[in-house]
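Participant: Kindly generate the corresponding structure for this input.
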Amino acid sequence: MLRVLFTSWYSGLGGGETELLTLAEALLQRGFQAHLLLPKAGPLSDAWRGKGFPLHMLPYRGASTYFLPQIWARFPVVRRMADLLREAQIDIVQSDYHSLPLICPAARQESLPLTWTVHGWWFKPQPWQRGFFRRIPLAAARSRAIRDGFLGSPPFMRAEQLPVIYSGVDTQRFRPGMDGSALRREIGIEDADDVVAMVARFQQVKGHHRFQALALRVLAERPDTRFIVAGADVFGVAADERYRDQILTEAKSNPALRDRLHYLGFRSDVENVYAAANVFVCPSDFESYGIANLEAMACAKPVVSTNRGGPTETIVDGHTGILVDPNDSDALAGSVLRLLNDSELRARMGAAGRARVERDFSVEAAADAYVEIYEKLLDFN
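Facilitator: The predicted model follows:
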């Protein structure tokens, strides 16, 4: 069995980290044992250990977007990373962005193939970094929006070096027909009530304020509708904490929302959040990918999402969901009302969404795509 070492500077458990856990399980079935390197303990390390996967800890500082490759390659931790690669008998390395300037020179010292995944459209290489990225023969981007943002216009390197691999959904965990009644009972929602759900960490770009505005507009026409939001302040960023406090304060102080909008915090059983909902909403300013949309679709729930970034690649407007401009609050609320008022449309879009995820966005498809990259890199090496 070949050993692949994943590196992540993030120790929290957001969408990307949950995807990593899902991918690791799928790779195990394909002959790759996933190891993980983290700079510190946290929810991700706990979840990783819970799966029984090998875990390694080395304190290090993650790179910002202005890192100098030649300087970072000389940091003492690079030598310690190289020692780890040798001692753990790693065969291939897959890095995140923030670890890349350290683990890349370590992998080269040990003559190991390395790849990495671009997770965000905001990673735009500086002129002095472009040669560093060009020298990595094969990597992946989570969406075309991410790849286009990273490569720039004109692209600074060949697009063939950065194929798109959509993060996959566990279609067994996220599936139609799950019973959301227990979660409904937990928060006092009747079986007959319509529920609109959102799943996202607290960050202004995620649009919790927009979801609250949507809720007020929907309640004006359908006062018995309930709204649930799952997600927490995953990474302890001060700006996110302030945003969270602002949102929760506004929800509690508004009499129309106080008993109709429920913030659930982090849920390890997020599949039950989708199961309890009639409609799922992604009100973000921009999504690099939007894994929550796909999880909802896998549960056969119709999705209303903003139309910037990854959702335009994963959602077929009018078929598996509805896409609207994030600045058009009326369209966002109107789309939710349209779905709440038409059970046949909800069922049709939900079924189409499930079929699309099974065909194009399963974890099996993602794992197969990464295995293809690993095999190519091992052949190069």
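
Participant: Tell me if I am right that Ser305 is in a strand.
Facilitator: Yes. Assessed by DSSP: H, G, I helix; E, B strand; the rest coil, Ser305 belongs to a strand.

Participant: Now for it: which residues touch it?
Facilitator: Ser305 is in contact with 281-284, 287, 290, 293, 311, 315, 321-324, counting by C-beta atoms under 8 Å, 6 or more residues apart in numbering. Using the backbone N, CA and C atoms, a C-beta is placed for each residue, glycine as well.

Participant: For the stretch 151-300 of the chain, which segments are assigned as strands?
Facilitator: Per DSSP state E, counting those that start in this stretch, the stretch 151-300 of the chain carries strands over the ranges 195-199, 226-230, 261-265, 279-282.

Participant: If you drop the residues flanking it in sequence, what lies closest to Ala159?
Facilitator: Once flanking residues are discounted, Ala159 sits nearest to Leu151: 6.4 Å by C-beta to C-beta, 6 or more residues apart in numbering.

Participant: Tell me the spacing between that neighbour and Ser167.
Facilitator: To Ser167, Leu151 is 19 Å away according to C-beta to C-beta, to the nearest Å.

Participant: Who has more neighbours out of these two?
Facilitator: Using other C-beta atoms under 10 Å as the criterion, Leu151 and Ser167 rank with Ser167 on top: 24 against 20.

Participant: Touching, Asp194 and Asn278? I think so.
Facilitator: Yes. Counting by C-beta atoms under 8 Å, Asn278 is a contact partner of Asp194 at 5.0 Å.

Participant: Tell me which helix or strand comes right after the host helix or strand of Ser45.
Facilitator: Using DSSP states H and E, Ser45 sits within helix 43-50. Sequence order places strand 55-57 as the next helix or strand after helix 43-50, per DSSP H and E.

Participant: what distance separates that following strand from the centre of its chain?
Facilitator: 22 Å (C-alpha atoms, centre = their mean, to the nearest Å).

Participant: for stretch 205-217, same thing?
Facilitator: On C-alpha atoms, centre = their mean, the centre of stretch 205-217 falls 20 Å from that of its chain.

Participant: Identify each buried residue in that stretch, please.
Facilitator: Judged by neighbour count (16 or more other C-beta atoms under 10 Å), stretch 205-217 contains these buried residues: Lys206, Gly207, His208, Arg210, Phe211, Gln212, Leu214, Ala215, Leu216, Arg217.

Participant: related to what we said a few turns ago, got the confidence number for the residue nearest to Ala159?
Facilitator: Predicted confidence (pLDDT) for Leu151: 95.

Participant: what sits against the closest residue to Val77 other than its chain neighbours?
Facilitator: For Val77, ignoring the flanking residues on the chain, the nearest one in space by C-beta to C-beta, 6+ apart is Tyr60 at 4.6 Å. Neighbour list for Tyr60: Trp9, Pro39, Phe75, Val77, Met81, Ser99, Leu102 [criterion: C-beta under 8 Å, 6+ apart].

Participant: let's see 7 Å
Facilitator: Shown in contact with Tyr60 (C-beta atoms under 7 Å, 6 or more residues apart in numbering): Pro39, Val77, Leu102.

Participant: Report how many residues lie close to the second one.
Facilitator: By the other C-beta under 10 Å criterion, the neighbourhood of Val77 contains 17 residues.

Participant: and it, that one's in a helix?
Facilitator: Yes. According to three-state DSSP, Val77 belongs to a helix.

Participant: Go ahead and confirm it touches Ile103.
Facilitator: No. Under the criterion of C-beta atoms under 7 Å, Val77 is not in contact with Ile103, lying 9.5 Å apart.

Participant: Can you report phi and psi for Glu358?
Facilitator: Phi and psi for Glu358, reported as degrees, to the nearest 10, are phi -60, psi -40.
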